[in-house]
Each structure stands twice: as structure tokens, then as C-alpha cells.
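[1] Just to be clear, the model below is a prediction. Sequence and coordinates:
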Amino acid sequence: MPIPTPEQMRRGFAALPNGVCVLQVELPDCRPGMTVSTVVPLSLKPPLLLTCIRKASFIGLHLLEVERFSISALDESQAGVSDYFAGSAGVADSASPTLLAGAGLQLSCTRHTVYDGGDHWILVGDIVSLSVGVNIAPPLIHYQGRYWSTAPFSLENRS
């Protein structure tokens, strides 16, 4: 079987639904952010997560300078926020908080380590604080190149 092309990889992995998050970093003069769909809990003790960042992105170019970052998990009403941070780096002014209001989950992190992952960096973060929203709306999902939402269901009610 031949090695898949980048286009085949994009199409294939589009079949995996992912929660949509915004990662923001703290640089001296700005708070650039980007939309990420790979955020994975790595360890409960110590509390660690990992995410992947394209090396050629604005944040990827500055990642090794970054000590602190935040991740905000978006809900179904925040597709516009995702779009804002998805293209070129969305930037909040230096006075803005790096946790996005209304996010269902907000994580403040420090850089634990960074690994080389081909055309991406694999960022492992120490979670220093975690906040779960009070009235959590359904999450924003990215699947097959589009945004989706979820509807709860119970396996017990299936016939």
C-alpha cells in the first residue's frame, strides 16, 4: 500500500469529528490565537494536555518563545470566533484576557515541552487552572470540513 499523500491525509482525517478550541499565547506585545481541533488530555497527575500546532503558522513560528498559553473550548454558538482565529493569526490586544468568555472549558497552561512532529509542533502543557462553564451549551464540532453541533441521546431509549 503506498504512503498517503497530504491531500489523502486531509480527506481521511476530516472523517474524525473534533471539538473546536482556540489556543492563545502570551507574547510581550500581543495575544495571538489560532483555532485548534486537536486537544488531548494527556495525564491527570500531573495535569497535562497536548495539542498540535502547524510550524508555518504565526504561533508555530513563535512557539519556542512561549511560556504561557490558554485553551478555550468553543460551544455551538461560537463558530464566528473559530473563523476569526482560523485564518491568519487572530490577535487580541495585550490588555485582553487569553481565556475566551462563554467557552465551555477554559484551561490556563504553561509550556511543559515541545516535540518535533513533522510539519507540526507537539505542544505538551502543564495545566495550571481549569474552569468549566456553568451553563454549558453543546460543543462546536468540526467534521468533514464543516461545523456541527451535537444532540444528546440515551442508549437506554433506543429500541
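    Yes, it's here. Residues are numbered from 1 along each chain as shown.

[2] Can you pull out the low-pLDDT segments for the protein?
    The model of the chain has pLDDT under 70 over residues 88-97, 157-159.

[3] mind listing the helices for the protein?
    6-13, 58-62, 79-86 (DSSP state H).

[4] so residue 67 sits right up against residue 112, yeah?
    No: with contacts counted by Cβ atoms under 8 Å, residue 67 stays clear of residue 112, the gap being 10.7 Å. C-beta: built from backbone N, CA, C; applies to glycine.

[5] ok, how many other residues are close to the closest residue to residue 143 other than its chain neighbours?
    Of all residues not flanking residue 143 in the chain, residue 17 sits nearest, at 4.1 Å (Cβ to Cβ, 6 or more residues apart in numbering). When neighbours are counted by other Cβ atoms under 10 Å, residue 17 registers 13.

[6] mind listing what residue 40 touches?
    49-51 (Cβ atoms under 8 Å, 6 or more residues apart in numbering).

[7] I'd like the distance between the residue lying closest to residue 108 once chain neighbours are set aside and residue 73.
    Closest residue in space to residue 108, ignoring its immediate chain neighbours: residue 129 at 4.4 Å, by Cβ to Cβ, 6+ apart. Counting by Cβ to Cβ, to the nearest Å, the gap from residue 129 to residue 73 is 14 Å.

[8] of the two, who's got more company?
    Neighbour comparison, residue 129 and residue 73: the larger count goes to residue 73, with 21 against 11 (by other Cβ under 10 Å).

[9] Test of understanding: give the bridge partners of the closest residue to the more buried one other than its chain neighbours.
    The shortest distance from residue 73 to any non-neighbouring residue, by Cβ to Cβ, 6+ apart, is to residue 105 (3.9 Å). With DSSP bridges as the criterion, residue 105 is bridged to residue 73, residue 132.

[10] what's the burial count for residue 105?
    19.

[11] what residues are up against it?
    71-73, 130-133.

[12] swap in residue 19?
    By Cβ under 8 Å, 6+ apart, the contact list for residue 19 reads 37, 39, 73-74, 139-142.

[13] what about 10 Å?
    By Cβ atoms under 10 Å, 6 or more residues apart in numbering, residue 19 lies in contact with 36-39, 73-75, 104-105, 139-142, 150.

[14] before we move on, what about residue 139?
    17-21, 73-76, 78, 104-105, 148-150.
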